[in-house]
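sequence and computational prediction follow.
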Amino acid sequence: MKLNALTKMTAFLALAVLLASCARREADTDADGDQTATASSADQTVPAQVANSPAGPPPEVTGVKIEVTLPPDAEQALASAGEKVRVEVILGGDPAPGSSAPTNEFGLVELLKDVHELDGSGTLQFAEEDVDQSRLDEIVGQPQLMVNAMSAMKSSSTNMLACAFYWDTLSKAGREGVRIECPLTK
């Protein structure tokens, strides 16, 4: 009997961890950097999905600096192969209820999509004005920034870099900056 209860509890905890890891971070950031919101009718914390209902805070739009760094061996390998670093930047948000705006492959309404090629390590800067602010009423919650970097695959069909994928709120990215490390693939 105790084993059955333990199995059920383990399954419940595994499901809870899975669901929590799939959630997007769209809530306000408190002073400690935690992403939560406080309910006005009670002194308790509510999930981001409830806090970012259409009555939630307006979307924060800010400029952002993205630094892409390669270690020396990756810089050398790319240069000798005649390769570049391809950096795709997407800024979007979840569609607002009733929105007719088209969505991308992530199910987001795009506010910015840009692809840059760098010769190696480099910095990209996006200003507030680069964001399509006319579409802010088409999203709910805070705008999300995604950055995907890889080798440009001009001289080879194989990606030479193992860059970290970045996905967080634009407000956090603007406040903290974005650093993408790109070591060689193994």
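Arrived safely.

check which helix or strand the spatially most central residue of the chain maps to.
The residue lying closest to the centre of the chain (C-alpha atoms, centre = their mean) is Trp167, at 1.4 Å. Using DSSP states H and E, Trp167 sits within strand 166-169.

just Leu124 next, same as before
strand 122-126.

now that strand: average pLDDT?
For strand 122-126, the mean pLDDT works out to 98.

how much space between the residue nearest to the centre of the chain and Lys154?
Using C-beta to C-beta, to the nearest Å, Trp167 is found at 26 Å from Lys154. For glycine as for every other residue, the C-beta is placed from the backbone atoms N, C-alpha and C.

equivalent analysis for Ile66, please.
Taking C-beta to C-beta, one finds Ile66 at 21 Å from Lys154.

between these two, who's got more neighbours?
Set Ile66 next to Lys154 and count neighbours by other C-beta atoms under 10 Å: Ile66 wins out with 21 against 12.

would you mind listing the buried residues in the strand or helix carrying the more buried one?
Using DSSP H and E, the element containing Ile66 is strand 64-69. Residues of strand 64-69 classed as buried by neighbour count (16 or more other C-beta atoms under 10 Å): 64, 66, 68-69.

partner strands of the longest strand seen in the chain and their direction?
Longest strand in the chain, counting residues (DSSP state E): strand 139-151. If you go by DSSP bridges, strand 139-151 pairs up with strand 85-95 (antiparallel), strand 166-169 (antiparallel).

circling back: mind listing residues that contact the strand holding Ile66?
For strand 64-69, contacts defined as C-beta atoms under 8 Å, 6 or more residues apart in numbering pick out 85, 87, 89, 118, 121-126, 145, 147, 149, 163, 170, 173-174, 177-182.

repeat for stretch 110-130
By C-beta under 8 Å, 6+ apart, stretch 110-130 touches 61-70, 75, 78-79, 84-93, 103-104, 131-133, 135-136, 139, 143, 152.

just the buried ones among those residues, please.
So, by 16+ other C-beta under 10 Å, the buried ones in the contacts of stretch 110-130 are 61-62, 64, 66, 68-70, 75, 78, 84-87, 89-93, 131, 135-136, 139, 143, 152.

surely the residue nearest to the centre of the chain touches Met146?
Yes. Between Trp167 and Met146 there is a contact at 4.8 Å, judged by C-beta atoms under 8 Å.
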